[in-house]
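okay, here's the prediction I keep looking at, along with the sequence it came from:
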Amino acid sequence: MLKFKATQLFDGERLLDDKVLITQSDGTIESIVEASDAGESVRELRGILMPGLINCHCHLELSHLKDVIAPHTGLIEFLCSVVTKRNFPAELIQERITAAEQEMYRNGIVAVGDIGNTADTASVKASSRICWQNFVEVLSFTDDKAAENMAHYQSQLNILSKALEGSPLPHRSSLVPHAPYSISPATFRMLNEVTQEQVISIHSQEHPAENELYQQGGGDYLKLFSIFGITESPFPVTGMGSLRSVLPYFDRGQTILLVHNTCTTQEEMDWAKHYAKEKGIQLQYCLCINANLYIENNVPPAALLYRSGSPVVLGTDSYSSNWQLSIASEIKSLHQHFPMIPLETILHWSTLQGARALRWDDRFGSFQKGKKPGLALLDIEAGTSSLVSLQ
């Protein structure tokens, strides 16, 4: 048996003092006991010992864009840059993907919900020690291209799935919509059909222009569309915000990660909660605060989400929009910007709630007996974390 005592212990729900975590040699959890009852050979650690961290939103395939797009460009300019600047030599792309995957593992991240438009990450994930929920992201602006685009992204999903067939770790791959401003009505309907009971994600309410697109049919997203040769909005004008306009496409028991939510209001959250209950879907609000700070020097409505009791999870986004791929840094930023949110709550979002959102809480997220969640050591002041070795 292995025994660990840290400055504090977080079990997935509560911060505990003067406790010792006992595991088997392979990291399987045995128990948490009083330090006075732990006996000898206890390994002393400095920091918060907690289950392995869950990164619910990342774009590993964009790791080669580190330091390419300047901070604080604003979302529309940022998206245009991602579209126009992402083509790099294949060898460099693979090198940066490998480095980013290793960085996340060293930082104690054990499971990732990873967005990809390509299968560029397949070879790295095949030998990874991280569990991957692959979100193969569909972009399809018009109905006439819906079937063609769905077939293309299905081929990318097939490559990822095949690459991970031999992995001893759990993994999944799902087709998902990119955002309300990049998916046509027919494509949304197709995605609803093929994602029944699956975990999916969508970038949601990142910018006021997203609402303007559906309320009036215009706005700043027309600049992004012009890159693709589209001169006017291809989406129906509903007179409502983007969340109310697109969430009704889904009604097949999906778990849906709504990512970013920078402009989400209490009224919209109340409506979404009612809709989800009525249709039998589960909503999770994913925050990537450092990406919001990087792109627009703004923060998401974390306090609003906390007060509402909404299920919240954390992500890093990508190296195109963040200084590091570190859930520990996301925890620190949320703790600094929203001191009214208890640290326990933020730690819960980064562990057990994240595991629940990805439907891997049978393995990850808490120090429950029999689980093998990985051990992470968090330095909250530094905003850093590390994987605890079992050797």
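Yep, that arrived. Numbering: from 1, shown residues only.

going forward, measure contacts and count neighbours with C-alpha atoms only.
Noted.

most centrally placed residue in the chain?
residue 57 (1.8 Å; Cα atoms, centre = their mean).

just how off-centre is the helix or strand containing it within its chain?
Taking DSSP states H and E as the criterion, residue 57 maps to strand 53-58. Relative to its chain's centre, strand 53-58 lies at 4 Å (Cα atoms, centre = their mean, to the nearest Å).

one more: stretch 190-199?
Using Cα atoms, centre = their mean, the mean C-alpha position of stretch 190-199 is found 18 Å from that of the whole chain.

give me the contact list for that stretch.
174-177, 249-257, 357-359 (Cα atoms under 8 Å, 6 or more residues apart in numbering).

try it again at 6 Å.
Applying Cα atoms under 6 Å, 6 or more residues apart in numbering, the contact partners of stretch 190-199 are 250, 252-255.

and it, C-alpha only, in CSV?
These are the backbone C-alpha positions of stretch 190-199, laid out as CSV (Å, rounded to 0.1, in the frame of the first residue of the first chain):
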residue,chain,number,x,y,z
MET,A,190,-28.4,15.5,-38.8
LEU,A,191,-26.2,16.0,-35.7
ASN,A,192,-29.1,15.4,-33.4
GLU,A,193,-29.8,12.1,-35.1
VAL,A,194,-26.3,10.7,-34.9
THR,A,195,-25.5,11.8,-31.4
GLN,A,196,-28.4,10.2,-29.5
GLU,A,197,-27.3,9.5,-25.8
GLN,A,198,-23.8,10.8,-26.5
VAL,A,199,-21.6,13.5,-24.9
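
just to check, residue 311 is in contact with residue 283?
No. In terms of Cα atoms under 6 Å, residue 311 does not count as a neighbour of residue 283; the distance is 7.4 Å.

neighbour-wise, which of the two wins?
residue 283 (23 against 18; other Cα atoms under 10 Å).

the strand or helix carrying that one vs strand 53-58, what angle?
Here residue 283, judged by DSSP H and E, is contained in strand 282-287. With axes from the mean of the first three to the mean of the last three Cα atoms, to 10 degrees as the basis, strand 282-287 and strand 53-58 are set at 90 degrees to each other.

quick one: list the elements packing against strand 282-287.
strand 255-260, strand 312-314 (3 or more Cα pairs under 6 Å, 6 or more residues apart in numbering; DSSP states H and E).

can you list the buried residues in the helix or strand just after it?
Going down the chain from strand 282-287, the next helix or strand is helix 289-296, by DSSP H and E. The neighbour-count check on helix 289-296 (16 or more other Cα atoms under 10 Å) flags 289-296 as buried.

what's the answer for stretch 196-216, then?
Buried, per 16+ other Cα under 10 Å, within stretch 196-216: 196-207, 209-216.

also stretch 61-69?
In terms of neighbour count (16+ other Cα under 10 Å), stretch 61-69 has its buried residues at 61-66, 69.

now residue 349: how far from residue 49?
With distances taken as Cα to Cα, to the nearest Å, residue 349 is found 15 Å from residue 49.

likewise residue 201?
In terms of Cα to Cα, residue 201 sits 29 Å off from residue 49.

again with residue 162
35 Å.

quick one: which of these two has more around it?
Shown here are residue 162 and residue 49; by other Cα under 10 Å, residue 49 has more neighbours (28 against 11).

my guess is that one is in a helix, correct?
No. Assigned with DSSP: H, G, I helix; E, B strand; the rest coil, residue 49 falls outside any helix and is strand.

tell me the bridge partners for it.
residue 9, residue 377 (DSSP bridges).

how about low-confidence regions in the protein?
For the chain, no stretch has pLDDT under 70.

got the contact list for the nearest residue to residue 325 once chain neighbours are set aside?
Leaving aside its chain neighbours, residue 325 sits nearest to residue 316 (5.6 Å; criterion: Cα to Cα, 6 or more residues apart in numbering). Contact analysis of residue 316 by Cα under 6 Å, 6+ apart lists 58, 288, 325.

surely the second one touches residue 318?
No. The pair residue 288 / residue 318 is not scored as a contact, 9.8 Å apart, by Cα under 6 Å.

quick one, which of the two is more surrounded?
Ranked by neighbour count (other Cα under 10 Å), residue 288 and residue 318 place residue 288 first, with 30 against 25.
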